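Asker: Next input, structure requested:
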Amino acid sequence: MQRLKIFFILFIAFLFFSCSGKTNEQAFLDGLSNIDVQIAEGRQAKALKSLKRLQKKAVSSTNYISIVKRQLKLNSIPDALISLQTGIKKFPDSPELSALLTSILIDSGKPAEALPYCEKLKNTPYASLGAEASILSDIALNSFNSDFSLLKAAYDKTENQVFLKNAAIVLAAKGRLRDASHLRYNIPNDVAPEHPFFWSCIVYDLGVFDSIFGDLYFSLVYADKDGGEGKTAENARLHLMLAADAAFGQGDTERARAFWQAAADRSPESSPIVFYDLALTAPDEKERVDLLIECIDLYPGFYPVIARYAREDIALRELNSQDELAAYLESKGFYSMKMEETYFTSPKMTYKPEDLLARAMKTPNFDQRFILEEFRYNQIMDKTYASKARGKADMWKILEKYGKEPIIREYAKWYFAQSGDFNACLSVGEIGKRYEDSFYAGINSALSGDFENAVSSFAASAQVPAYAYASTVNSAYMYYMSGKTEDAVNAYSLAASMTQDKKRQSMLHYEIASIFYERKAYDRAISVLGYALELNPKNYQAASLLKKLKELN
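Answerer: The predicted model follows:
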């Protein structure tokens, strides 16, 4: 519809100028009339050649539009594109020519080629065409390079909120969340936002929650209007969950629970996390367990709720553990007031945790965390020495079967380390060989005094972002221990550039200054220490060394 309007505008412009009776266009109009006769007689090849020659007589942008109109009628798109490019060079201030060229390129599936001409469409009736080309180009290239101001201009001209949304996406993709959120206020107060959930996501990331609650109304209305099904229903459910998180973030648990409950009521089959959140924020233990059981019945393979249920069961067992006298009295049918309160108010654990865990692990592609949860549960339930010894053997069996799973390996390293078995912890890194395992191999080499292999291992583990900083610091120390002080300085400097923590940066510069001090490069040491104290005035080691150096001088 938008494109038809544009062609209508262009055609009206053509009629206006064609009928203006300007004598300097008469030769062009005469030539155009002859070409129309050729087209009517079916002499298409002749007509196309004549249209090319007629360009020499074109004296306005409207003349070029007349030529292009006939070339398109004859299905000669290449000729039309060439004519428009020629016309734009001759009349660069004509938005109509750029708009028509953009429209043809979009229809030809080449929106990216139209981008150089889109700038000319800003603040014109054709801004939406430029925005369309920009959006389609981004989709084709899987990028967010659109000119947001062009998209904003398209919205200003058309009031089509899709353009405003896309402008916000472009800004958000560039990290300009606050600017993106401000675009929401271009929608007048008396006009309903068409994408309320989208705008709420933008402000949520900024930590600005109030508008989330206001726009929730529109999401719910759109969902109800569509019968509670489809995309609008899903957006309403997600918006409710977003509002719940926002309310919880503000410390309003009661309001958050109301939103979670509304989300569960709308689509209980799609919201395992909602039941989980309701359970975690339940006002008492009984309601929490009841909600966990309800969620388990609906989602028997949902790890968080089963893990929570298992841990609740353990906690209740410990809480309700009775002494021998209480057990004897209960067996005889006698209850103290405290025993009676505990018996009748405690939640009823419908399922055995071991049964839930076993059932979950029988399903295809089950969550690997169930393996660790079962291991943990068994360790807690049996705290004998024999169980502890058996636990290490069980962990190795798990590693043999699932050792390539990152979460299994990381848990095993932690388990062996907290058990004091560091040899086992380090040897876990030999299974499956990944970059992060090199970090542990580096520590092992360092402990044995093999600094060269330690540096090599830390260089490998530095490829993993989570290990990069620690690996680089360790490499620096290994260089220092090997007597390669220049390499140590470079590594410490690199590590300092990898962290935003000023205290860490200060300590690393102190290490650099210490090396300069040992090399008797006192001036350089003083300079680096000054910077270290600038980063952290409370770096007492740096202050002490600086004082010592000043006394030497």
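Asker: Could you pull out the helices in the stretch 51-200 of the chain for me?
Answerer: Assigned by DSSP state H, counting those that start in this stretch, the stretch 51-200 of the chain shows helices spanning 61-73, 77-90, 95-107, 111-118, 127-141, 148-158, 161-173, 177-182, 196-206.
Asker: If you average pLDDT over each of those helices, which is lowest?
Answerer: Mean pLDDT is lowest for helix 127-141 out of these, coming in at a mean of 77.
Asker: angle of it against helix 95-107?
Answerer: Using axes from the mean of the first three to the mean of the last three Cα atoms, to 10 degrees, the direction of helix 127-141 lies 30 degrees away from that of helix 95-107.
Asker: picking up where we left off before, could the helices of the stretch 51-200 of the chain be laid out in JSON lines, adding mean neighbour count and distance to residue 411?
Answerer: For the C-beta atoms, the positions are set from N, CA and C on the backbone; glycine is no exception. Formatted as JSON lines, these follow (neighbours: other Cβ atoms under 10 Å; distance: least, Cβ to Cβ, whole Å):
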{"stretch": "helix 61-73", "mean neighbour count": "22", "distance to residue 411": "66"}
{"stretch": "helix 77-90", "mean neighbour count": "18", "distance to residue 411": "62"}
{"stretch": "helix 95-107", "mean neighbour count": "23", "distance to residue 411": "53"}
{"stretch": "helix 111-118", "mean neighbour count": "20", "distance to residue 411": "48"}
{"stretch": "helix 127-141", "mean neighbour count": "22", "distance to residue 411": "41"}
{"stretch": "helix 148-158", "mean neighbour count": "22", "distance to residue 411": "45"}
{"stretch": "helix 161-173", "mean neighbour count": "22", "distance to residue 411": "36"}
{"stretch": "helix 177-182", "mean neighbour count": "18", "distance to residue 411": "35"}
{"stretch": "helix 196-206", "mean neighbour count": "21", "distance to residue 411": "31"}
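Asker: what's the nearest residue to residue 152 if we skip its chain neighbours?
Answerer: In this structure, residue 152 finds its nearest non-sequential neighbour in residue 167, 4.8 Å apart by Cβ to Cβ, 6 or more residues apart in numbering.
Asker: cool, residue 134 as well?
Answerer: Closest residue to residue 134 apart from its sequence neighbours, by Cβ to Cβ, 6+ apart: residue 146 at 4.0 Å.
Asker: How about residue 446?
Answerer: Spatially, and ignoring its direct neighbours in sequence, residue 446 is nearest to residue 454 (4.3 Å; Cβ to Cβ, 6+ apart).
Asker: Same question for residue 51.
Answerer: Per Cβ to Cβ, 6+ apart, closest to residue 51 is residue 67, 5.3 Å.
Asker: Wait, that neighbour touches residue 53, no?
Answerer: No: assessed by Cβ atoms under 8 Å, residue 67 is found out of contact with residue 53, at 10.3 Å.
Asker: Please enumerate the shared neighbours of the two.
Answerer: Between them, residue 67 and residue 53 share no contacting residue under Cβ atoms under 8 Å, 6 or more residues apart in numbering.
Asker: Kindly reformat the helices of the stretch 51-200 of the chain as CSV containing distance to residue 522.
Answerer: Formatted as CSV, those follow (distance: least, Cβ to Cβ, whole Å):
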stretch, distance to residue 522
helix 61-73, 75
helix 77-90, 68
helix 95-107, 67
helix 111-118, 59
helix 127-141, 56
helix 148-158, 54
helix 161-173, 50
helix 177-182, 48
helix 196-206, 49
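Asker: if I pick the residue lying closest to residue 499 once chain neighbours are set aside, what's in contact with it?
Answerer: Nearest residue to residue 499 in three dimensions, chain neighbours excluded: residue 469, at 5.7 Å (Cβ to Cβ, 6+ apart). Contact partners of residue 469, counting by Cβ under 8 Å, 6+ apart, are 495, 498-499.
Asker: Show me those residues that map onto helices.
Answerer: Residues of these located in helices (DSSP state H): residue 495.
Asker: Just the buried residues of the contacts of residue 469.
Answerer: 495, 498 (16 or more other Cβ atoms under 10 Å).
Asker: from the contacts of residue 469, which is closest to residue 449?
Answerer: Among these, residue 495 lies closest to residue 449 (Cβ to Cβ), at 22.3 Å.
Asker: Name the nearest residue to the closest one, ignoring sequence neighbours.
Answerer: Counting by Cβ to Cβ, 6+ apart, residue 472 is the residue found nearest to residue 495 once chain neighbours are left out, at 4.2 Å.
Asker: Could I get the contacting residues of the residue nearest to residue 446?
Answerer: Residue 454 makes contact with 442-443, 445-446, 474-475, 478 under the criterion Cβ under 8 Å, 6+ apart.
Asker: please redo it, this time with the cut-off set to 10 Å
Answerer: Listed by Cβ atoms under 10 Å, 6 or more residues apart in numbering, the contact partners of residue 454 are 438, 441-448, 474-475, 477-479, 481-482.
Asker: again, but for residue 394
Answerer: Going by Cβ under 10 Å, 6+ apart, residue 394 touches 374-375, 378-379, 387.
Asker: One more: residue 353?
Answerer: Shown in contact with residue 353 (Cβ under 10 Å, 6+ apart): 306-307, 309-314, 317, 373-374, 377, 381.
Asker: Just the buried ones among these, please.
Answerer: By neighbour count, with 16+ other Cβ under 10 Å, the contacts of residue 353 hold 306-307, 309-310, 312-313, 373-374, 377 as buried.
Asker: quick one on the thing from earlier: next, count neighbours for the residue nearest to residue 134.
Answerer: Using other Cβ atoms under 10 Å, residue 146 is surrounded by 25 other residues.
Asker: looking at it, the residue nearest to residue 51 is touching residue 36, isn't it?
Answerer: No: here residue 67 does not reach residue 36: they are 11.8 Å apart, not a contact under Cβ atoms under 10 Å.
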